[in-house]
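> build me a model from this:
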Amino acid sequence: MSFVFRRSCDFMSLRPYLDTLKQSNLLVEVHDKVKLDYEISDYLISNNNKAVLFSNIEDSSYPLIGNSLSSRDQLKLVLNEKKDYYKFFQQSLLNPQQPKLVESSLTFSNKESVNLSNLPIPKFFPADGGNYLTSGIVIAQFPDTNAPNMSIHRIMVLNDHQGTIRIVPRNLHKIFHENKEKGLDTPIAVVNGYHPVLALAASSPTPPGKSELSIANSLLRGDLSVVQSPRYGIHVPSDVEFILEGRILANEEIAEGPFVDITGTPDDVRSQPIVQFEDIFYRDDPIFQTILPAYDEHFILMGFPREAEIHNRVSKVVPEVHGVYLTPSGCGWLSAVISVTTQSDVDGQKVGLTAFEAHPSLKWVTVVDDDIDICDSQAVEWARITRAGANDITILDNMRGSSLDPSRRREDNTSIKVIIDATKKRDKTGYDRVIPF
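This is a model prediction of the structure:
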């Protein structure tokens, strides 16, 4: 397969990225009429390693793109990086660049009052509580500084103008509650139809005092520009397909869910704030975007930034890190395979403990040598079985768990954490495999 790499300045928005996917044979175009309920999911699942562009969606006049970042091949194109994308990504996190503020944007070519029923927002699975906007990048400003925060949040459609938004205890949660204590709604801009770098940046752990927009600009090598949204003056990327402006209401909540989350199981139903949408802006002939929950794009967006952080931390405790992989069978979030060069037989446990520090939601770590392909589940399982004995398995109990793990203790959100040191041990022989997998 040949990949088409571009200059980053030609590559900072959705449309040229889709052109590149098409040239690299990573785009499937669907012209048949497709229903929003479940059929979108069927196509995305059956084409899980390629982007899918729907041009004929029942009940909506807008085309829809899904799986825009659902494979490692696409990830190379997204980062426009042929070699060490972990290093490039980590350097971008450590060296964010303020994007340029411009005066105008093609996104503001059209303006209407928001009517969510006109947008191609799918209902993915029968267990879902409704139609879900999963790809909305929510941008809000910290009350005291007006510094922007950018993060992805699922929004369940309630009616033509309202949705309920799942807010986890991170920066948007802080912004919302600071405003709520003052009796104020939280103005937001929801971006849709964007280059996947924006989603990666919005999903990344951000250094204190830095903006995800600055990280996105660094990932795009300084070619991202921002513009102020018309109603609330929020800094938003200038080259996107849609921008919806509205408010997270301070004092109105409703049940959100159920929603089939990253583990493939329904997340808890919770009382969550209501979003009142007001204006929608869009380019001519815009393309809407969705993220299929519990499959590879979801895994990559949540997991890859954590892989990079694990890679960075572990590289400080062993001579060399060859790779980090949050596995699909671990939902791209709960289980990691880490390939390293060790100096001693205790390094495997050090690697596991360091990985837990880097990614606290992690539940299971398998440490292997560089002769094991971390993306090959058969090879990893073979290493576990043939290279790990009783002294090579560490089980830690009553540890902080992930709210996404159905097996956690719900009363205190704790769980076990497991380290399997499946590296070769220096005092033993016979570890080398002499036939291929």
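> can you pull the contacts of the residue nearest to Q272 when sequence neighbours are not counted?
In this structure, Q272 finds its nearest non-sequential neighbour in E256, 3.9 Å apart by CB to CB, 6 or more residues apart in numbering. (Each C-beta comes from the backbone N, C-alpha and C, glycine too.) By CB atoms under 8 Å, 6 or more residues apart in numbering, E256 lies in contact with G129, M156, T164, I165, R166, V269, R270, S271, Q272.
> try 10 Å this time
For E256, the residues meeting the contact criterion (CB atoms under 10 Å, 6 or more residues apart in numbering) are 129-130, 132, 154-156, 158, 163-167, 267-274.
> and for L213?
Contacts of L213 by CB under 10 Å, 6+ apart are 96-99, 139, 147-150, 198, 201-202, 206, 224, 226, 235-237.
> now, those residues that are in helices?
Judged by DSSP state H, the subset of those located in helices is L198, A201, A202.
> return the member of those residues nearest to G348.
Among the ones in helices among the contacts of L213, A201 lies closest to G348 (CB to CB), at 32.5 Å.
> which residue is the nearest non-sequential neighbour of that closest one?
For A201, ignoring the flanking residues on the chain, the nearest one in space by CB to CB, 6+ apart is A216 at 3.7 Å.
> contacts only, for the one you found.
12, 92, 96-97, 99, 137, 150, 194-195, 197-202, 204, 224, 226, 237.
> before we move on, what about I165?
133, 136, 138, 153-156, 172, 176, 188, 190, 246, 248-249, 256, 272-275.
> pLDDT score for it?
I165 is assigned a pLDDT of 98 by the prediction.
> residue boundaries of the strands in the stretch 301-437 of the chain?
For the stretch 301-437 of the chain, the strands defined by DSSP state E, counting those that start in this stretch cover 320-326, 335-341, 364-368, 393-400, 414-422.
> make a markdown table out of those strands and add mean neighbour count and mean pLDDT.
Listed next are the strands of the stretch 301-437 of the chain as a markdown table, based on neighbours: other CB atoms under 10 Å; pLDDT from 0 to 100:
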| stretch | mean neighbour count | mean pLDDT |
| --- | --- | --- |
| strand 320-326 | 20 | 96 |
| strand 335-341 | 23 | 98 |
| strand 364-368 | 26 | 98 |
| strand 393-400 | 12 | 95 |
| strand 414-422 | 21 | 97 |
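> redo the ones you listed as CSV? Include distance to D37.
Shown next, in CSV, are the strands of the stretch 301-437 of the chain (distance: least, CB to CB, whole Å):
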stretch, distance to D37
strand 320-326, 30
strand 335-341, 32
strand 364-368, 35
strand 393-400, 37
strand 414-422, 34
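> figure out which of those is closest to S60.
Counting by CB to CB, S60 lies closest to strand 320-326 out of the strands of the stretch 301-437 of the chain; the figure is 33.4 Å.
> just how off-centre is the closest one within its chain?
19 Å (CA atoms, centre = their mean, to the nearest Å).
> show the end-to-end separation of stretch 206-214, please.
Using CA to CA, to the nearest Å, one end of stretch 206-214 lies 10 Å from the other.
> what bridges to I419?
According to DSSP bridges, V365, T394 are recorded as the beta-bridge partners of I419.
> meant to ask about A255
Applying DSSP bridges, one finds that A255 bridges with S271.
> quick one, what contacts it?
Counted by CB under 10 Å, 6+ apart, A255 has contacts G129, M156, T164, V269, R270, S271, Q272.
> just those residues now: which is nearest Q74?
The closest of the contacts of A255, once distances to Q74 are taken by CB to CB, is M156, at 27.4 Å.
> ok, and what's touching stretch 30-39?
Residues from elsewhere that reach stretch 30-39 (CB under 10 Å, 6+ apart): 40, 42-44, 47, 52-60, 63-64, 66, 119-126, 128, 131, 290.
> switch to 8 Å and redo it
Taking CB under 8 Å, 6+ apart as the rule, stretch 30-39 contacts 40, 43, 52-60, 120-126, 131.
> for R7, give me the pLDDT.
42.
> for K425, see how far away the closest residue to Q378 other than its chain neighbours is.
Using CB to CB, 6+ apart and skipping residues adjacent in sequence, the residue nearest Q378 is F437, 5.4 Å away. As for F437, its distance to K425 is 21 Å (criterion: CB to CB, to the nearest Å).
> who has more neighbours, these two?
A count of neighbours by other CB atoms under 10 Å puts K425 above the other of F437 and K425, at 16 against 9.
> which residues does the nearest residue to that one once chain neighbours are set aside contact?
Using CB to CB, 6+ apart and skipping the chain neighbours, the partner closest in space to K425 is D345 (5.4 Å). When contacts are counted by CB under 8 Å, 6+ apart, D345 touches D421, K425, R426, D427.
> how much space separates D345 from D370?
D345 sits at a distance of 16 Å from D370 (criterion: CB to CB).
> ditto for P187
Remark: distance between P187 and D370 (CB to CB) = 50 Å.
> okay, those two: which has more neighbours?
Higher neighbour count among P187 and D370: P187, with 20 against 14, using other CB under 10 Å.
> and the longest helix along the chain, what's buried?
Using DSSP H, we find that the single longest helix of the chain is helix 296-314. Within helix 296-314, the residues scored as buried using 16 or more other CB atoms under 10 Å are 296-314.
> low-confidence ranges, the stretch 151-300 of the chain, go.
208 (pLDDT under 70).
> the strands in it, which residues?
Under the criterion DSSP E, counting those that start in this stretch, strands of the stretch 151-300 of the chain are mapped to 155-157, 162-165, 186-192, 225-228, 235-237, 242-256, 270-282, 288-289.
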